[in-house]
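> From the sequence below, what's the structure:
(2 chains)
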Amino acid sequence: MSSNRIMTVSRAMSEAIAQEMRADPNVFVMGEDVGAYGGIFGATSGLLGEFGESRVRDTPISETAFIGAGVGAAMAGMRPIVELMFVDFFGVCMDAIYNLAAKNVYFSGGNCKVPMVIMTGTGGGYSDAGQHSQTLHATFAHLPGLKVVAPSNAYDAKGLMTTAIRDDGPVMFMFHKGLQGLAWMASPEGAATELPEESYVLPFGQAKIVRPGKDVTIVAISMMVHHAMEAAKALEKEGVDAEVIDLRTLVPLDRKTVIQSVKKTGRLIVVDEDYKSYGLTSEIIASVVEENPAYLKSPPRRLAVPDVPIPYSRPMEQYILPDAVDIAAAVRATLGKKAA
Amino acid sequence: MADIAIPKDLWDVGKTPEGIVANWFFTEGGSVAEGATVAEIMVEKSTFDITAPSAGRLHISVPKDGVVKPGAVIGHIDSA
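Next up, the predicted model:
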């Protein structure tokens, strides 16, 4: 069934949650301002009215308490969706995430499941400073036992959220604030998409080639997919045909699609809004080089946030975040072309 | 034809004179069901859903980011 609705990412998320809550009485939502406010980034809008306070639970400001409670509820047979308002706030609840949620499946010899979704707002670009602007995808992707999802658009967000809720292990659902389609924060064209009304799932670990090309591979995730597409459009005018890959999930990671693409194009740019060192960019490059370094015709390049906290100052923040201009420049450099 | 109007008492214009159309959830000419959420209005940092008064084809008269007041007609529905 096709749909002519153009929905925002936040609406896609709340619709997926509502459909799963209708289908399974064990699914419930918990977090700060998820009730009457509908989630600070709109991910739970409309849920309180339909499902009531027992299944859409506003919590006090204690991530330590409610993320821990989520792990317990999941192990007791519920399917909690817990919102960590900003991923930057993970510090006080990390023990519940990485020592309990991520490890208990292993520690119990597979006897305990932890079917829990932690959804959390990521990303900067709107002058909210260093404790409200990080993406931190790799912090969680680094730790065994967690799946990590970061959609770039509404269609993917709905399908990946449904898959996340039905997954029997803990899933970090990391949504970029600037893609939510909120009235008070501009989002790029393409974040809101046509959205089928019916429920559907998207498998984890399948990257999407959002623009096929033959000259260079640009690998991105979340907000950076939109910057990569903008760069690809600019490069097209210069006769450069870029392939853009949206990873969609970091764990599991679709290395195969990236390797196949680089085998074809021979050139690789990886762009990430997370910190540069020990992150996604090096992981992707290593995956290709481990397979066959001869696939690369020129050194790969990585664009990411330099290893400093995200600045509050707007010019400084804009300077450190990768954008379409930076990506296009990196592509030209890897092709040995002069700046346009 | 049915007008899509912002309810007259949606917000207090004494406190906040104007709002904006934050999002349209269907494209111009798209078919919509009665009661479908077609648009979202932002007033300060609150948002309000606007639903279709009848089924039919959507016609948008105030685009995204357009400034509106309570009672304003922002589009209409042509019965199919």
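> all contacts plus neighbour counts: C-alpha atoms, from now on.
Will do.
> near chain B, which residues of the stretch 101-250 of chain A?
A:182-184 (C-alpha under 8 Å from any C-alpha of the partner chain).
> Could I get the buried residue list for the lowest-mean-pLDDT helix or strand in chain B?
Lowest by mean pLDDT, DSSP states H and E among the helices and strands of chain B is strand B:46-51, with a mean of 90. Residues B:47, B:50-51 are the ones in strand B:46-51 that count as buried (16 or more other C-alpha atoms under 10 Å in any protein chain shown).
> hang on, the earlier thing: would you format the residues of the stretch 101-250 of chain A next to chain B as JSON lines with neighbour count, secondary structure and pLDDT included?
Output for these, formatted as JSON lines (neighbours: other C-alpha atoms under 10 Å in any protein chain shown; DSSP: H, G, I helix; E, B strand; the rest coil; pLDDT from 0 to 100):
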{"residue": "A:Leu182", "neighbour count": "23", "secondary structure": "coil", "pLDDT": "88"}
{"residue": "A:Ala183", "neighbour count": "23", "secondary structure": "coil", "pLDDT": "83"}
{"residue": "A:Trp184", "neighbour count": "15", "secondary structure": "coil", "pLDDT": "83"}
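> if we can go back for a sec, which among the buried residues of strand B:46-51 gets closest to chain A?
B:Thr47 (7.4 Å; C-alpha to the nearest C-alpha).
> Packing partners of the helix or strand following the least confident helix or strand of chain B?
Sequence-wise, the next helix or strand downstream of strand B:46-51 (DSSP states H and E) is strand B:56-60. On a contact count with 3 or more C-alpha pairs under 8 Å, 6 or more residues apart in numbering or on different chains; DSSP states H and E, strand B:56-60 meets strand B:31-32, strand B:73-78.
> and among these, the most buried is which?
Mean neighbour count (mean count of other C-alpha atoms under 10 Å in any protein chain shown) peaks for strand B:31-32 among these, with a mean of 24.
> Whichever helix or strand comes after that one close to chain A?
Moving toward the C-terminus from strand B:31-32, the next helix or strand (DSSP H and E) is strand B:37-43. Yes - interface with chain A: strand B:37-43 contributes B:Met42 (C-alpha under 8 Å from any C-alpha).
> how close does whatever residue of the stretch 101-250 of chain A ends up closest to chain B sit to B:Pro17?
Closest to chain B within the stretch 101-250 of chain A is A:Ala183: 5.0 Å, counting by C-alpha to the nearest C-alpha. Using C-alpha to C-alpha, to the nearest Å, A:Ala183 is found at 17 Å from B:Pro17.
> what's the answer for B:Thr27, then?
Distance from B:Thr27 to B:Pro17, by C-alpha to C-alpha: 28 Å.
> before we move on, what about A:Gly52?
Relative to B:Pro17, A:Gly52 is positioned 33 Å away (C-alpha to C-alpha).
> and what of A:Gly169?
Distance of A:Gly169 to B:Pro17, given as C-alpha to C-alpha: 49 Å.
> So the two - more neighbours on which side?
A side-by-side neighbour count of A:Gly169 and B:Pro17, using other C-alpha atoms under 10 Å in any protein chain shown, places A:Gly169 first with 23 against 13.
> Settle this for me: that one is touching A:Leu146, isn't it.
Yes - when contacts are counted by C-alpha atoms under 8 Å, A:Gly169 is listed as touching A:Leu146 (7.4 Å).
> who touches both of those two?
Counting by C-alpha atoms under 8 Å, 6 or more residues apart in numbering or on different chains, the common neighbours of A:Gly169 and A:Leu146 are A:Ala102.
> so what's the residue lying closest to B:Ile50 once chain neighbours are set aside up against?
Take B:Ile50 and drop its neighbours on the chain: the residue closest to it by C-alpha to C-alpha, 6 or more residues apart in numbering or on different chains is B:Ala39, 5.1 Å away. Contacts here follow C-alpha under 8 Å, 6+ apart; on that basis B:Ala39 touches B:21-26, B:49-51.
> go again using 6 Å as the cut-off
B:23-25, B:50 (C-alpha atoms under 6 Å, 6 or more residues apart in numbering or on different chains).
> What of B:Ala2?
By C-alpha under 6 Å, 6+ apart, B:Ala2 lies in contact with B:76-77.
> about what we covered before: so what pLDDT did the residue nearest to B:Ile50 get?
pLDDT, B:Ala39: 95.
> tally of neighbours for residue 42?
Looking at chain A here, since you left the chain open. 24.
> I was after chain B.
When neighbours are counted by other C-alpha under 10 Å, B:Met42 comes out with 21.
> measure the nearest residue in space to A:Gly190 that is not next to it in sequence to A:Glu317 for me?
Distances taken as C-alpha to C-alpha, 6+ apart place A:Asn153 nearest to A:Gly190, at 6.7 Å, with adjacent residues excluded. Computed with C-alpha to C-alpha, the distance linking A:Asn153 and A:Glu317 is 24 Å.
> who's more crowded, these two?
Neighbours were counted for A:Asn153 and for A:Glu317 using other C-alpha under 10 Å; A:Asn153 has more, 30 against 22.
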